[in-house]
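> Here's a sequence, model it:
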Amino acid sequence: MLCHLFRLILVGVALSHVGVVLSHVGVALSREPTGSYTATRTEPGYLNLTYTFPSYRLKVFIEFSCASGMTPIRGIFPLIKESDVLYKIGFTDPENGFITPECLAFITSFRSACPAYKALKHGDFYDIQYDVKHDRPTVRVHGIAFELVHKEAPH
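Coordinates of the predicted model:
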């Protein structure tokens with residue numbers, strides 16, 4: 001009886017240790033972008049790009065400016081998590097597959113304000129690769145990779 005009780009205690013301690021290890025692994029693997037991330041390029045033209053991921057993760061705010069001192073242009077779009085390392089922005093209407101009016105207005109404003117980046121490529125803006133280990137989203141604009149870094153600490 002005493003031996004059985006001792007075995008149960010050992011199993012309980014072992015399982016609690018496994019639970020702690022798994023919870024730490026789970027936290028590391030479930031990390032998601034939160035807060036504002038930004039990148040600035042000067043070639044082929046000036047572009048400051050900011051993506052903000054609110055804590056509720058249903059939307060993403062995109063802001064860009066193509067000239068120093070320019071009032072940034074903003075858009076709010078649905079955010080779709082494809083995997084831990086790939087997010088997509090819902091630029092199309094899920095019912096009909098057509099580009100949404102909000103997206104069309106955003107892209108039109110971008111092309112007008114940023115002529116150096118006008119020739120957009122497939123996946124620009126809306127495919128977000130996320131480096132979980134370094135907490136860095138990467139997006140492409142004009143086929144150029146923008147590795148975004150935290151503008152402020154996440155909340």
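> what about this protein, any weak spots by pLDDT?
1-30, 152-155 (pLDDT under 70).
> try 50 this time
Scanning the chain with the threshold set as pLDDT under 50 gives 5-6, 10-11, 13-29.
> now the strands for it?
All strands of the chain, identified by DSSP state E, fall at 35-41, 47-53, 59-65, 73-81, 86-89, 127-131, 136-141, 144-147, 149-150.
> Please identify the most buried of these.
strand 47-53 (a mean of 21; mean count of other CB atoms under 10 Å). Where you see a C-beta, it was placed from the backbone N, CA and C, and this is true even at glycine.
> Which elements pack onto that one?
strand 35-41, strand 59-65, strand 136-141 (3 or more CB pairs under 8 Å, 6 or more residues apart in numbering; DSSP states H and E).
> Verify the stated contact: Ser65 with Gly45.
No: taking contacts as CB atoms under 8 Å, Ser65 lies outside contact range of Gly45: 11.5 Å.
> Burial check on Ser83, number of neighbours?
7 (other CB atoms under 10 Å).
> Outline the domain layout of the chain.
1-30, 35-150 (automatic domain parsing).
> where does the last one sit relative to the chain's centre, distance-wise?
Here domain 35-150 is found 9 Å from its chain centre; the criterion is CA atoms, centre = their mean, to the nearest Å.
> Ends of that domain, what's the gap?
Across domain 35-150, the terminal residues are separated by 7 Å (CA to CA, to the nearest Å).
> re the thing from before, would you reformat the helices and strands packed on strand 47-53 as CSV and include distance to Leu79?
Output for the helices and strands packed on strand 47-53, formatted as CSV (distance: least, CB to CB, whole Å):
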stretch, distance to Leu79
strand 35-41, 13
strand 59-65, 4
strand 136-141, 11
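> Which one of these lies nearest to Pro94?
Checking the helices and strands packed on strand 47-53 against Pro94 by CB to CB gives strand 59-65 as the closest, at 14.6 Å.
> now the angle from the closest one to strand 136-141?
60 degrees (axes from the mean of the first three to the mean of the last three CA atoms, to 10 degrees).
> CA-only coordinates of strand 59-65, as CSV, when you get a sec.
C-alpha atoms of strand 59-65 as CSV (Å, rounded to 0.1, in the frame of the first residue of the first chain):
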residue,chain,number,x,y,z
LYS,A,59,-8.1,42.7,-38.2
VAL,A,60,-4.8,44.4,-39.2
PHE,A,61,-4.2,48.1,-39.6
ILE,A,62,-1.9,49.0,-42.5
GLU,A,63,-0.4,52.5,-42.7
PHE,A,64,2.0,53.9,-45.3
SER,A,65,3.7,57.1,-46.2
